[in-house]
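Chemist: here is the input, now give the coordinates:
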Amino acid sequence: MPRVVVIGGGWAGCAAAQAARQAGAEVTLLERTDMLLGTGLVGGIMRNNGRFTATEEMLALGGGELFRVTDGAARHWNIDFAGHHHAWLYDVTRIEPLVRRALREAGVEVHLLSRVTAVQLARDRIVAVRTEAGQNYPGEAFIDATGTAGPPANCRRYGNGCAMCIYRCPTFGGRIGPAALAGVKEYAALRRGGGRGAISGSCKLHKGSLAPWLVTELEEKGAVTLPLPPDLSGKWELLQRKACQQYALPEYAISIILLDTGPAKLMTPFFPLEILRRIDGLEKARFEDPYAGGIGNSVRFLAMVPRDDALKVEGLANLFCAGERAGPFVGHTEAIVTGTLAGHNAVRLLAGLAPLVLPATLAVGDIIAYTRRQVAGGDGLYQRFTFSGAGYFERMQRLGLYTTDREVIRKRAGDLAGVFSRPLLGRKTPAGAE
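Modeler: Numbers count the residues shown, from 1 in each chain. Purely as a prediction, here's the structure:
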């Protein structure tokens, strides 16, 4: 049976592995750390604004298994906070084992502590990858879902140094992408006013370090807004540096906004600890991720790769990309969408079928094509693309793509309904399955 090898076990890589397996290929997933999901271990926001539409589109297309997992791990449903509506917050402390189980039940072969450091090429095709430990993994198609953050030298050069975030580069080694190893030239996002990349958009506070009344309110409501004293508000320049531009709103410059994702999610890239502790309820606050959350956070969008609208990497015949590797996409939903398409198209390649390009009548198709065009035009290097806010959500509304009507969304899928659930190759039954 042909094999797809996925490098990188964040949301994009997990979605790619799930989709490739669903389409009938044998699948190997390689992750450099000891856990799956990457920033999904500290994120947790789903279905807010246009992400609701995108989630329901993927369910209609048959590619919604991981969305069902996040829905099942939700702590809060349909909550509103500054600039965002009908958000679901999954529990970041529960999600990774649930995703790992879903992949195992699908028959995906998962290898943790497997940092890919070399590729074997045959002309314009990758035929195998090799890990730092010397293990070779051959395959017929490959997916680069290694993300765009790290190693620590980049966080020093473009940020405030290693903040000891969930990427844990000093322990498990910095990110290396197979596309670059194969000779593909990567590109970086730019900051208006100078600089490269973008800083991750939030921190986590240890909930046990917060005032009991604040914990109670946060767990009851899902979101809490704490006004900043006048002398502390107005950090607008900091918000402009965030990867998550959907949260770069005035409300976030004059308030502390906390979300309950298990820990208390602090919606700012970093915040000096001594100043944070001047706020009512946060007098004993302690950062949980990144541990140095008082001074900086991981720098992302430094290593994207050129690709087409089927998510095939330019210059290589059998390599696809997903998540941030495919462009300056922000968010778990965006990673799952691109991962699912990349995994599906990898199997279409093996089956001798034309690649699937999702139509622009669907938000999940429009964002992939629109982002590529914007990046190619240059200005896209300064933008961040997400269903949940900033420029792309405005585009969704302008084009009539945003809706929370599930029936409307199902009708939009048309002939593509269930496309990701259709086997393209013969499948073996997973070990232990009936």
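Chemist: ends of stretch 158-171, how far apart?
Modeler: Stretch 158-171 stretches 21 Å from its first residue to its last (CA to CA, to the nearest Å).
Chemist: stretch 118-125 - what's its average pLDDT?
Modeler: When pLDDT is averaged over stretch 118-125, the result is 97.
Chemist: what residues of it count as buried?
Modeler: Buried positions in stretch 118-125, judged by neighbour count with 16 or more other CB atoms under 10 Å: residue 119. C-beta here means a position set from N, CA and C on the backbone, and glycine is covered the same way.
Chemist: which residues does that stretch contact?
Modeler: The contact list for stretch 118-125 (CB atoms under 8 Å, 6 or more residues apart in numbering) reads 126-130, 136, 178, 181-182, 315-318.
Chemist: which two from those end up farthest apart in space?
Modeler: For the contacts of stretch 118-125, the maximum inter-member distance is 22.7 Å, found between 136 and 315 (CB to CB).
Chemist: looking at the two, which is more packed in?
Modeler: Using other CB atoms under 10 Å, the more surrounded residue of residue 136 and residue 315 is residue 315, with 15 against 11.
Chemist: could you dump stretch 183-203 to CSV, C-alpha only?
Modeler: Presented in CSV, the C-alpha positions along stretch 183-203 are these (Å, rounded to 0.1, in the frame of the first residue of the first chain):
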residue,chain,number,x,y,z
GLY,A,183,16.3,22.8,-1.7
VAL,A,184,13.1,24.8,-1.7
LYS,A,185,13.7,28.5,-0.8
GLU,A,186,11.6,29.6,2.2
TYR,A,187,10.2,33.1,2.7
ALA,A,188,9.3,35.1,5.7
ALA,A,189,6.4,37.4,6.6
LEU,A,190,7.2,41.1,7.2
ARG,A,191,6.3,43.7,9.8
ARG,A,192,5.1,47.1,8.7
GLY,A,193,7.8,49.4,9.9
GLY,A,194,10.6,46.8,9.6
GLY,A,195,11.4,43.4,10.9
ARG,A,196,10.4,39.8,10.1
GLY,A,197,7.9,37.3,11.4
ALA,A,198,5.2,37.9,14.1
ILE,A,199,5.1,37.2,17.8
SER,A,200,2.7,34.5,19.1
GLY,A,201,-0.5,36.2,20.3
SER,A,202,-1.2,35.0,23.8
CYS,A,203,0.2,33.6,27.1
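Chemist: may I see the buried residues of it?
Modeler: 184, 187-191, 196-203.
Chemist: pipe those residues into a markdown table and attach pLDDT per row.
Modeler: A markdown table is the format used below for these (pLDDT from 0 to 100):
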| residue | pLDDT |
| --- | --- |
| 184 | 97 |
| 187 | 97 |
| 188 | 96 |
| 189 | 94 |
| 190 | 93 |
| 191 | 88 |
| 196 | 92 |
| 197 | 90 |
| 198 | 88 |
| 199 | 86 |
| 200 | 85 |
| 201 | 79 |
| 202 | 88 |
| 203 | 92 |
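Chemist: between the residues you listed, which sits nearest residue 80?
Modeler: Out of the buried residues of stretch 183-203, the member with the shortest distance to residue 80 (by CB to CB) is residue 202, at 17.5 Å.
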